[in-house]
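J.: Fold the following and give me the result.
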Amino acid sequence: MFGKLLIVALVAAFAVGLAARSSHGAGPERTYVVRPADTLWSIAARTYGGDPRAGVWQLEHRNHLTSETLRPGQRLVLPG
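T.: Residues are numbered from 1 along each chain as shown. Now for the predicted structure:
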């Protein structure tokens, strides 16, 4: 009984693994090069529709930023 249950669990895990493949439809990763006087807010307002606060949060987390200070020439990955 335990052996059959184990086999069913393994087959189910394998099926989920096949179905959970990553999507390639997201497109290439976009980067942004920081210019003088840029802020996270100005970048978010320019590159995201809607409330810039969500864009700022995404930029901070996607780039693992610990400070809001940006340097000209710094490359930021823009979340999709």
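J.: just checking, residue 55 is part of a helix?
T.: Yes - counting by DSSP: H, G, I helix; E, B strand; the rest coil, residue 55 is found in a helix.
J.: if you skip the residues just before and after it, what's nearest to it?
T.: Closest residue to residue 55 apart from its sequence neighbours, by CB to CB, 6 or more residues apart in numbering: residue 44 at 2.9 Å. All C-beta atoms are positioned from the backbone trio N, CA, C, and that covers glycine.
J.: so how far is residue 50 from the closest residue to residue 68 other than its chain neighbours?
T.: Nearest residue to residue 68 in three dimensions, chain neighbours excluded: residue 40, at 5.6 Å (CB to CB, 6+ apart). Residue 40 sits 15 Å away from residue 50, taking CB to CB, to the nearest Å as the criterion.
J.: quick one: which of those two has more around it?
T.: More crowded of residue 40 and residue 50, by other CB atoms under 10 Å: residue 40, with 22 against 9.
J.: Where does pLDDT dip in this protein?
T.: Low-confidence segments of the chain (pLDDT under 70): 6, 10, 13-27, 80.
J.: any idea where the strands of it begin and end?
T.: Secondary structure of the chain (DSSP state E): strands located at 30-33, 75-78.
J.: Just name the most buried of the ones you listed.
T.: strand 75-78 (a mean of 15; mean count of other CB atoms under 10 Å).
J.: helices and strands around it, which ones?
T.: Counting by 3 or more CB pairs under 8 Å, 6 or more residues apart in numbering; DSSP states H and E, the packing neighbours recorded for strand 75-78 are strand 30-33, helix 52-62.
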